[in-house]
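Visitor: Could you work out the structure for the sequence below:
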Amino acid sequence: MIKKKFRSALFNTRAFRGANCDSDHILVVGNLRVRLKSKILTTIQTIKPYIEKLEKTDVRIAYAINVQNRFGLLEKEEITSDWDTIKSVVTEVAIESLGPCINARRRNNWFDEECKSAAERKKRCRIKWIEDRANLDKREDLRVSRNLATSTNRRKKREKVGEELREIEENRAHGKRRKQFQEINRMGNGFQPRMNFIRNKEGNIIIGKEDIQRRWKEYFKELFNRPPPHNPVDEMEMEGNIDDVEAPTQEEITDAIRKRKNNKAAGIDNIAAELIKYGGQALHDKIISLMYSLWENEVRPSDWDEGILAVLHKKKEIALYVETTEAFAYFQLVTESLQIFCSNDYEFIAKI
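Guide: Model prediction:
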């Protein structure tokens, strides 16, 4: 069971005859004492709002009213409408109005009280049979209870799958394509293990978290600090004086907010486009005032200089399922306010 070298690490070993695992073997449980290097990791859990609730009209109206009321309280307290204030108001009101997003789906969501009672009955019959193995009636009761538990679990699974298929059909009938394909992918893909391995330049496998982060840092450093091209592109000369450009109008900023696409990943501030689009006129006025301030002062918040690098698979080695850094594509997730601000710059450049 264990090597003689480590026999002192195993103690308090017991056999549990009542463990119900449908096997003729007896479960053995023991305590294993191993000395490992302790390392405390501090993780910060971010609470995200349930954005999908904004699809309902009444929820949108309630969210906009709550944002307006919160800004009204801040104006009475004479708090400035900078980006930090806007970010905190949107984040807090979104959590209060929409609730936290719970993405974790229970794996065996079909297991209910009926399945639990069948499993407990099978366990009681098995214990009685273990105490008197020569009794044929107890053995028959165990066989019947085992078949009942198996058929109950199979029936519950089939009913749950049918319910999920009906939900997919309802999403298709109501035009909810995103939810439809999300459920199809979840049912089709099943459990997908996450591989936290990568190869370095020499082709050796890297397992440690710090080593993987160091390799990604080295990769992006080489990617973004390349030598200048041999044949550079000629710079375009812009007509007029760029310093005399007027600030974007309120209509242009409002139009940029309205054109933000839904169902897109949020940036480092966890503020999705829907939270700004459906925040009401009070939030839009604060965004417009912020844009004018940034345009005049030419200083933007430090949060806008940060982003999330999302890595995507392009190819993988079939033999070892271990990726190299060159086998990935990436894109950067930035804040929605920065995208709104940049969209006005793009429209100005397009007009020139």
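
Visitor: What ranges does the stretch 251-352 of the chain have for its helices?
Guide: Per DSSP state H, counting those that start in this stretch, the stretch 251-352 of the chain carries helices over the ranges 273-277, 280-297, 336-351.

Visitor: Poorly predicted segments of the stretch 51-200 of the chain, please.
Guide: Along the stretch 51-200 of the chain, the model assigns pLDDT under 70 to residues 76-81, 103-107, 191, 194-195.

Visitor: Apply 90 and report the result again.
Guide: 51-57, 59-60, 67-91, 94, 97-112, 123, 126-134, 164, 171, 174-200 (pLDDT under 90).

Visitor: could you pull out the helices for it?
Guide: Secondary structure of the stretch 51-200 of the chain, counting by DSSP H, counting those that start in this stretch: helices at 57-76, 83-98, 113-131, 136-173, 177-189.

Visitor: got TSV for the ones you listed, with distance to residue 15 and mean neighbour count too?
Guide: Glycine gets a C-beta too; all of them are placed from N, C-alpha and C. Listed next are the helices of the stretch 51-200 of the chain as TSV, based on distance: least, C-beta to C-beta, whole Å; neighbours: other C-beta atoms under 10 Å:
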stretch	distance to residue 15	mean neighbour count
helix 57-76	56	15
helix 83-98	50	19
helix 113-131	12	15
helix 136-173	20	14
helix 177-189	40	13
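
Visitor: Is residue 13 in a helix, a strand, or coil?
Guide: Under DSSP: H, G, I helix; E, B strand; the rest coil, the three-state class of residue 13 is strand.

Visitor: Skipping adjacent residues, who's closest to it in space?
Guide: residue 30 (3.7 Å; C-beta to C-beta, 6 or more residues apart in numbering).

Visitor: what distance separates the start and the end of stretch 95-110?
Guide: 29 Å (C-alpha to C-alpha, to the nearest Å).

Visitor: Which segments of this structure make up each domain?
Guide: Taking automatic domain parsing as the reference, the chain has its domains at 4-38+105-189, 51-104+246-351.

Visitor: ok now stretch 193-211, how far from the chain's centre?
Guide: On the basis of C-alpha atoms, centre = their mean, to the nearest Å, stretch 193-211 sits 22 Å off its chain's mean C-alpha point.

Visitor: Same question for stretch 144-154.
Guide: With C-alpha atoms, centre = their mean, you get 37 Å for stretch 144-154.

Visitor: Now do the same contact list for the residue lying closest to residue 168 once chain neighbours are set aside.
Guide: Residue nearest to residue 168 in three dimensions, not counting chain neighbours: residue 183, with 5.0 Å by C-beta to C-beta, 6+ apart. Residues near residue 183 by C-beta atoms under 8 Å, 6 or more residues apart in numbering: 164, 167-168, 171.

Visitor: From residue 15, how far off is the closest residue in space to residue 33 that isn't next to it in sequence?
Guide: With C-beta to C-beta, 6+ apart as the criterion, residue 33 has its nearest non-adjacent residue at 5.0 Å, and that residue is residue 9. Computed as C-beta to C-beta, to the nearest Å, the residue 9 to residue 15 distance reads 19 Å.

Visitor: repeat for residue 29
Guide: Computed as C-beta to C-beta, the residue 29 to residue 15 distance reads 8 Å.

Visitor: ok, how many other residues are close to the residue nearest to residue 33?
Guide: Using other C-beta atoms under 10 Å, residue 9 has 14 other residues around it.

Visitor: Residue 260 now?
Guide: By other C-beta under 10 Å, 16 other residues sit near residue 260.

Visitor: what sits against the closest residue to it other than its chain neighbours?
Guide: Distances taken as C-beta to C-beta, 6+ apart place residue 273 nearest to residue 260, at 3.8 Å, with adjacent residues excluded. Residue 273 sits next to 260-262, 264, 336 when contact means C-beta under 8 Å, 6+ apart.

Visitor: repeat for residue 293
Guide: Neighbouring residues of residue 293 by C-beta under 8 Å, 6+ apart: residue 82.

Visitor: same deal with the one 10 residues further on?
Guide: By C-beta under 8 Å, 6+ apart, the contact list for residue 303 reads 83, 87, 268-269, 335.

Visitor: Can you redo the residues you listed as a markdown table, where the extra columns are distance to residue 120?
Guide: A markdown table is the format used below for the contacts of residue 303 (distance: C-beta to C-beta, whole Å):
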| residue | distance to residue 120 |
| --- | --- |
| 83 | 57 |
| 87 | 51 |
| 268 | 49 |
| 269 | 49 |
| 335 | 53 |
